[in-house]
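Peer 1: Mind folding the following:
(one chain, ligands or ions: 1)
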Amino acid sequence: MINHAILKPAITSTVAKLNELFGAAPAVAVVLGSGWAGAVSLVQNAKHLSYTELPAFPQPKVEGHVNEVVVGTIGAQRVVMLRGRAHTYESGDCTGMAGALRSLKAWGVQVLLQTNASGSLRSHMPPGSLMLISDHINAPQRSPLVGEPGSERFVDMSCAYDLELRQHAKKTAQAQNLKLGEGVYCWALGPQFETPAEIRMFAAWGADAVGMSTVPETILARHAGLRVMGLALMTNMAAGLSAEALTHALTLQQAQLSGERAASFLGAVVAGLAELPSLQAGA
Ligand code: HPA
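Peer 2: So this is what the prediction gives:
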């Protein structure tokens with residue numbers, strides 16, 4: 001459960017820090033998941049700030065991991081990139097990104113573009129494929145909003161992944177001649193990979209991809225009033241769907257192989273947002 005007595009002042013000082021260092025907020029924030037980190041190199045006039053300077057952000061537990069925000073422009077679009085997210089499997093706590101996302105919203109960010117690495121449940125999306133998230137399944141049925149006050153906690157999730165942003169992603173893929181799948185992302189708590197029986201169940205439920213992130217952040221972001229888009233990079237066929245045993249190393253290896261293509265598509269999506277009329281001009 002979120003401790004507001006601690007989080008509220010942390011958000012206030014985080015927003016002050018962001019304003020002081022970067023000025024007004026960009027309209028677009030990107031969470032970089034595994035395989036997507038290459039997108040950082042596309043940011044022009046980039047300024048970096050460690051999460052350790054932002055009290056509402058998740059504090060890195062493993063030294064040597066890059067946990068920072070990067071603010072700059074891609075094309076004509078200003079953007080803030082988040083390198084590093086808190087995963088529920090690290091602590092059991094699914095509220096780890098609440099402070100970061102609420103700070104972004106309070107700063108003035110409008111759109112949260114989430115990226116992740118996923119296992120594919122569909123043969124038409126082999127490893128290396130990109131999938132636009134159309135909807136999600138919260139398989140663990142955990143919510144970061146448990147204990148939140150007020151009626152805003154009853155968040156409408158009937159169109160959690162913004163239609164206009166999804167159309168924008170599809171148009172960008174077409175313009176780049178890039179095959180972009182679209183489907184339902186299923187959150188599995190992890191950190192263990194799924195069993196083949198679980199994957200068969202998720203497929204029967206209508207899931208197209210499975211991963212260990214994104215869903216708590218989407219819930220928090222919708223609660224905060226951010227518009228959400230999600231892109232998943234398939235790093236492997238899900239458990240039982242290929243002869244290969246699943247390892248973290250395998251997923252990282254595939255993430256690296258496809259990382260450049262994923263990053264360049266992400267860059268094009270972000271740059272194109274500058275022309276989206278529904279986003280505030282100049283941000
Ligand atoms: N399952 C869960 N998370 C993942 C997978 C997977 O197969 N691949 C990459 N992240």
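Peer 1: For the stretch 51-200 of the chain, give me the ranges with low pLDDT.
Peer 2: Within the stretch 51-200 of the chain, the segments meeting pLDDT under 70 span 62-64.
Peer 1: Spell out which parts of it neighbour the ligand.
Peer 2: Counting by CB under 6 Å from any ligand atom, the residues of the stretch 51-200 of the chain close to the ligand are 117-119, 188, 193-194. Glycine gets a C-beta too; all of them are placed from N, C-alpha and C.
Peer 1: try 8 Å
Peer 2: When proximity is defined as CB under 8 Å from any ligand atom, the stretch 51-200 of the chain approaches the ligand at 116-120, 188, 190, 193-194.
Peer 1: Make JSON lines out of these and add secondary structure and neighbour count.
Peer 2: Output for these, formatted as JSON lines (DSSP: H, G, I helix; E, B strand; the rest coil; neighbours: other CB atoms under 10 Å):
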{"residue": "116", "secondary structure": "strand", "neighbour count": "27"}
{"residue": "117", "secondary structure": "strand", "neighbour count": "24"}
{"residue": "118", "secondary structure": "strand", "neighbour count": "33"}
{"residue": "119", "secondary structure": "strand", "neighbour count": "27"}
{"residue": "120", "secondary structure": "strand", "neighbour count": "26"}
{"residue": "188", "secondary structure": "coil", "neighbour count": "25"}
{"residue": "190", "secondary structure": "coil", "neighbour count": "16"}
{"residue": "193", "secondary structure": "coil", "neighbour count": "19"}
{"residue": "194", "secondary structure": "coil", "neighbour count": "23"}
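Peer 1: and the nearest residue to residue 195 once chain neighbours are set aside, what pLDDT?
Peer 2: Distance criterion CB to CB, 6 or more residues apart in numbering; nearest residue to residue 195, sequence neighbours excluded, is residue 239 at 6.1 Å. Residue 239 carries a pLDDT score of 96 in this model.
Peer 1: Lovely, talk soon.
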